[in-house]
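In: Okay, sequence plus prediction incoming.
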Amino acid sequence: MKYNNLINGQWVKPSSELYIENKNPANREDLIGLFPSSTSDDVDKAVNAARQAFEKWRLVPAPRRGDILKLVGDKLLSRKDEIAFEMTREMGKVFAETKGDVQEGIDTAYYAASEGRRLFGHNAPSELPNKMNLSFRVPVGVGGFITPWNFPMAIPTWKLFPALVCGNTCVFKPAELTPKTAHTLVEIIDESMREVLGRDYIPGVINLVHGKGSVVGEAITGHSDIDLISFTGSTAVGKRINQVAGASLKRVSLELGGKNAQIVMDDANLELALDAVIWGAFGTTGQRCTATSRLILHEKIHDEFLNMLTERVQKLRLGYGNDKNVDVGPLVSEEQRNNVHKYVKIGIEEDRAELVTGGEFAEDGDLSKGWFYKPTIFKNVRPDMRIAQEEIFGPVLAVIKTSSLDEAISILNGTRYGLSSSVFTNNVNDAFRAIRDIKAGITYINGATIGAEAHMPFGGVKETGNGHREGGWTVYDFYTEWKAVYIDYSGKLQRAQIDNY
Ligand code: NAD
């Protein structure tokens, strides 16, 4: 089946008339659909539609915009299993996780819906008599939204829902590998707009342009009539986007890579720490920006914990994520699997790192139809090795030994990234020191590195981003401009700083 772009309220073919195949990474014989390979012409049309729509959309009262998001949340909820099933088919992670991905979209929709009745501003007293000072939020304008494939529902919703409720209009380019989930999301948003607004429906508030990053992504980033860019993806592409968008002084939010670590101290609950690292390192087949890719073990429990871990990892069941009893799905693509294997070879060749388990393609029986890779552990890893420094984005865990909390924190902090982090300890003083000293956007105490909640700030420090946060209340600052208003009812010209001092 052929899918199309949504531009100005119409589902339209790409101007190239070319399409990209979308296949199931667990079974490459399973063709999901054909999705547009769009061009900069399609981007121009979408931006034009979004610009026209903005002048009407910004005037729709925010609580009414919130009503649309409420309906979007209801529709996602009623279709949760079906959307999750198709998402697993499209990108591979297991059904329980894709359901979680949809749930994050639902939570974000309801949060955004209620924010339509808040969007609080501030007021402050004036320094002059008979004068009132107010400040309130206004939308920024037309936004360009570029997203990755690992959270095909949650990440677009983190961006589009707050942007929309604030009164911005959108041009959305999803990842080439997960166009189907994006199609479903945009279809639901458009349907909800039509249902809530009825005859007042505004075409062009949300536009979907499928295609390649190098073509559609570049066209969005460089477009002179786009006011803001919200991007989630790799640090390399994020840097490029910052450069291109910076030339026209666009507001840019970047959520980028990670090299997250879990520390396990000698006083920790080891069973709990074990469950967490299995979930953190091998959930989503390690393809999360918050995945645990380094495990820092206190020397006193190192051998015991590594044995427990290896035994559990070797029992993980690989397969199609929509089959019950499967723990770990495939990698998302052939390219991704080759990249993971490249790093495993680097790990093997690097001085002293020792492969404990995994390290090869999983190709038994039906697994040969997909991009499966055996969950992999390296031990004796030094913190400066490439497998301990670079984002691998796959089921590969580097185990590093430490002798103290201070050393563990310094190892944890010793990469160019700073997204998520975790410490397992039962010592309350150590826990608070870790919270204070870890350089990361997110720290879990006695929890895995993954598990962010939709109403909390999400993002990282250093090369994980450029200082913005998604989620919760913080993202609303990105999607609005502050306007300061002074109302003078004295009936005369009052000069601030001059007439009163
Ligand atoms: P990617 O950077 O390759 O692609 C992300 C998006 O950017 C895709 O839609 C792609 O088409 C587009 N793109 C590619 N080149 C572009 C260009 N030159 N201009 C504009 N757009 C372009 O990343 P990916 O492989 O899809 O996702 C994996 C990466 O995303 C990992 O590095 C991961 O850590 C990161 N990620 C970060 C977060 C976070 O919130 N920090 C969350 C999820 C994923």
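Out: The structure has been received and is ready for your questions.
In: Pull the contacting residues for S135.
Out: By CB atoms under 8 Å, 6 or more residues apart in numbering, the residues touching S135 are 121-124, 482-485. (Each C-beta comes from the backbone N, C-alpha and C, glycine too.)
In: rerun at 10 Å
Out: When contacts are counted by CB atoms under 10 Å, 6 or more residues apart in numbering, S135 touches 120-124, 482-486.
In: what secondary structure does it sit in?
Out: At S135 the chain is in strand, as set by DSSP: H, G, I helix; E, B strand; the rest coil.
In: Any of the contacts of S135 buried? List them.
Out: Neighbour counting by 16 or more other CB atoms under 10 Å classes none of those as buried.
In: In CSV: the residues you listed, plus pLDDT and distance to G144.
Out: Putting the contacts of S135 into CSV (pLDDT from 0 to 100; distance: CB to CB, whole Å) gives the following:
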residue, pLDDT, distance to G144
F120, 96, 27
G121, 95, 26
H122, 95, 29
N123, 96, 33
A124, 96, 34
W482, 97, 22
K483, 97, 23
A484, 98, 27
V485, 98, 29
Y486, 98, 33
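In: and those, which of them are in strands?
Out: When DSSP state E defines the strands, the subset of the contacts of S135 inside them is 122-124, 482-486.
In: Make a markdown table from those residues and add distance to S410 to it.
Out: As requested, the ones in strands among the contacts of S135 are exported to a markdown table (distance: CB to CB, whole Å):
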| residue | distance to S410 |
| --- | --- |
| H122 | 40 |
| N123 | 46 |
| A124 | 43 |
| W482 | 39 |
| K483 | 45 |
| A484 | 44 |
| V485 | 49 |
| Y486 | 50 |
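In: Which member of those is positioned nearest K239?
Out: W482 (28.0 Å; CB to CB).
In: Tell me where this structure is predicted with low confidence.
Out: Residues of the chain meeting the criterion pLDDT under 70: 351.
In: again, only this time at 90
Out: 350-352 (pLDDT under 90).
In: Give me the domain ranges for it.
Out: 5-15+30-256+465-485, 260-445 (automatic domain parsing).
In: Where does the residue nearest the centre of the chain sit: helix, strand or coil?
Out: Centroid-nearest residue in the chain, with CA atoms, centre = their mean: I155, separated by 4.2 Å. Under three-state DSSP, I155 falls in the helix class.
In: before we move on, the earlier item: which of the domains of the chain sits closest to the ligand?
Out: Each of those has some distance to the ligand by CB to the nearest ligand atom; the shortest is domain 5-15+30-256+465-485, at 2.2 Å.
In: So which residues on this structure come close to the ligand?
Out: Proximity of the chain to the ligand (CB under 6 Å from any ligand atom) is limited to residues 146-151, 173, 175-176, 213-214, 217-218, 221, 232-234, 237, 240-241, 255-258, 289, 391, 393, 419, 464.
In: Please pick the buried ones from the residues you listed.
Out: Among those, those scoring as buried are 146-151, 173, 175-176, 213, 217-218, 221, 232-234, 237, 240-241, 255-258, 289, 391, 393, 419, 464 (criterion: 16+ other CB under 10 Å).
In: Tell me which entries of the residues you listed lie within helices.
Out: Among these, the ones falling in helices (DSSP state H) are 218, 221, 237, 240-241.
In: mind putting the residues you listed in TSV, distance to A496 included?
Out: Shown next, in TSV, are these (distance: CB to CB, whole Å):
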residue	distance to A496
E218	46
T221	40
V237	46
R240	44
I241	40
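In: Next, G73: secondary structure please.
Out: What three-state DSSP gives for G73 is helix.
In: Which stretches in the stretch 351-500 of the chain count as helices?
Out: In the stretch 351-500 of the chain, the segments counted as helices under DSSP state H, counting those that start in this stretch are 386-389, 405-413, 428-437, 475-478.
In: Give me the helices and strands touching the first one, please.
Out: Packing contacts for helix 386-389, counted by 3 or more CB pairs under 10 Å, 6 or more residues apart in numbering; DSSP states H and E, involve strand 292-298, helix 334-349, strand 376-379, strand 396-402.
In: What lies in contact with that helix?
Out: With CB under 10 Å, 6+ apart as the criterion, helix 386-389 contacts 259, 261, 293-294, 296, 343-344, 346-350, 353, 376, 378, 381-383, 392, 396-400, 411, 414-417.
In: Please repeat the previous calculation with a cut-off of 7 Å.
Out: Applying CB atoms under 7 Å, 6 or more residues apart in numbering, the contact partners of helix 386-389 are 259, 294, 343, 346-347, 350, 353, 378, 381-382, 396, 398, 400, 415.
In: one step back: so which of the residues of the chain next to the ligand are in strands?
Out: Judged by DSSP E, the residues of the chain next to the ligand include 146, 173, 232, 255 as members of strands.
In: Surely the third one touches G257?
Out: In this case it means T232. No. T232 lies out of contact with G257 (CB atoms under 7 Å); the separation is 10.2 Å.
In: so what's the residue nearest to E104 when sequence neighbours are not counted up against?
Out: Spatial nearest neighbour of E104, excluding adjacent residues (CB to CB, 6 or more residues apart in numbering): A154 at 3.8 Å. Applying CB under 7 Å, 6+ apart, we find A154 in contact with 101, 104-105.
In: go again using 10 Å as the cut-off
Out: By CB under 10 Å, 6+ apart, the residues touching A154 are 98, 100-108, 147, 181, 452, 454, 458, 470-471.
In: swap in G329?
Out: 25-26, 88, 91-95, 97-98, 283-285, 287, 318-323, 370-372.
In: From those, list just the buried residues.
Out: For the contacts of G329, buried by 16+ other CB under 10 Å: 25-26, 88, 91-95, 97-98, 283-285, 287, 318-322, 370-372.
In: now, which of the ones in strands among the contacts of S135 sits nearest N269?
Out: For the ones in strands among the contacts of S135, the nearest to N269 is H122 (44.3 Å; CB to CB).
In: how close does the closest residue in space to the closest one that isn't next to it in sequence sit to R118?
Out: Of all residues not flanking H122 in the chain, S135 sits nearest, at 5.2 Å (CB to CB, 6+ apart). Using CB to CB, to the nearest Å, we find S135 at a distance of 15 Å from R118.
In: for Q336, same thing?
Out: Q336 is 40 Å from R118, where distance means CB to CB.
In: Please identify which of those two sits among more neighbours.
Out: Q336 (22 against 14; other CB atoms under 10 Å).
In: Next one: the residue nearest to H122 from G144, what distance?
Out: S135 sits 27 Å away from G144, taking CB to CB as the criterion.
In: which non-adjacent residue is nearest H468?
Out: S253 (4.0 Å).
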